[in-house]
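J.: Build me a model from this:
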Amino acid sequence: MGTDTKFVRAGREREQQILAFVKEYIAEHGWAPSILEVAAGVGLLSKSTAHLHVKRLVAAGKLASGGGARQLVVKE
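T.: The predicted structure follows:
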């Protein structure tokens, strides 16, 4: 198994963690988490990395974003 495949799999696993975190956060609080809260919630040190994963989830149709703060919506 190549290194690229390992990174792709790790990215998908992280995105699933983020999706689960967003679902749980919305269920508990009634509103979406901020990108900083997403990063902290899944153990990322960089909010830009969390933002990248969120953008990928939006592109995949699993999340929608209204473009502003706390406007993530789970599409599944």
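J.: Counting neighbours, what do you get for the closest residue to Val38 other than its chain neighbours?
T.: Once flanking residues are discounted, Val38 sits nearest to Ala50: 4.6 Å by Cβ to Cβ, 6 or more residues apart in numbering. C-beta: built from backbone N, CA, C; applies to glycine. With neighbours defined by other Cβ atoms under 10 Å, the count for Ala50 comes to 24.
J.: Now Ala50. Its backbone dihedrals?
T.: phi -60, psi -40 (degrees, to the nearest 10).
J.: shouldn't it be in contact with Ile35?
T.: Yes - counting by Cβ atoms under 8 Å, Ala50 touches Ile35, with 5.3 Å between them.
J.: max-length helix in this protein?
T.: helix 3-29 (DSSP state H).
J.: gap between the next helix or strand after that one and the chain center?
T.: Next helix or strand after helix 3-29 toward the C-terminus (DSSP states H and E): helix 35-41. Relative to the chain's own centre, helix 35-41 is displaced by 9 Å; criterion: Cα atoms, centre = their mean, to the nearest Å.
J.: before we move on, the earlier item: list the helices and strands the longest helix of the chain packs on?
T.: helix 35-41, helix 47-59, strand 72-74 (3 or more Cβ pairs under 8 Å, 6 or more residues apart in numbering; DSSP states H and E).
J.: Can you check which of those gets nearest to Thr5?
T.: helix 47-59 (16.9 Å; Cβ to Cβ).
J.: Could you tell me the angle between that closest one and helix 3-29?
T.: 90 degrees (axes from the mean of the first three to the mean of the last three Cα atoms, to 10 degrees).
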